[in-house]
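K.L.:
Could you look at this predicted model? Sequence included:
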Amino acid sequence: QVRLVESGGGLVQAGGSLRLSCTASGRTVTYDTMGWFRQAPGKEREFVAAIIWNGDFSINRYTDSVKGRFTISRDNAKNTVYLQMNSLKPEDTGVYSCAIQTRDDSVSEWRLYDYWGQGTQVTVSS
């Protein structure tokens, strides 16, 4: 059974930083696309970042609003993906969830991911 567990969320002031972790069990995710998504109250789930294995190395993708502030990375030995979030803004507030996409497809479409974690709350105060 594949399981994803996120951690690292919390309350932070604007301009602060958080590092989210997503650890997988039941599946080795080294060659899978891993994505981070967020959902704010009353809004649709939105793509944040993804890390993709192209056969030789990893490629990162970000939504425009987080480019230059967020960094996605992975530690294959720990079967874990991270999201380093710097210069946080109130509009970054939401529940952040990680997900696994097991086939090559659009990385920004949440409906194309196969496994999901429960999410971790990130709240950025102004």
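P.N.:
Received, thanks. Numbering: from 1, shown residues only.
K.L.:
Please name the residues that touch the residue nearest to the spatial centre of the chain.
P.N.:
Centroid check for the chain by Cα atoms, centre = their mean gives residue 36 as the closest residue, at 2.1 Å. Neighbour list for residue 36: 20, 22, 48, 49, 50, 72, 81, 83, 96, 97, 98, 99 [criterion: Cβ atoms under 8 Å, 6 or more residues apart in numbering]. For every residue, glycine as well, the C-beta is placed using N, CA and C.
K.L.:
Pretty sure the second one sits in a strand.
P.N.:
Yes - read with DSSP: H, G, I helix; E, B strand; the rest coil, residue 22 is one of the residues of a strand.
K.L.:
That one against residue 98, yeah?
P.N.:
Yes - assessed by Cβ atoms under 8 Å, residue 22 is found in contact with residue 98 at 3.4 Å.
K.L.:
shared neighbours of these two, anything?
P.N.:
The contact sets of residue 22 and residue 98 overlap at 4, 6, 34, 36, 81, 83, 117 (Cβ under 8 Å, 6+ apart).
K.L.:
Can you tell me which of those residues are buried?
P.N.:
The neighbour count (16 or more other Cβ atoms under 10 Å) marks 4, 6, 34, 36, 81, 83, 117 as buried among those.
K.L.:
I'm done for today, thanks for sticking with me.
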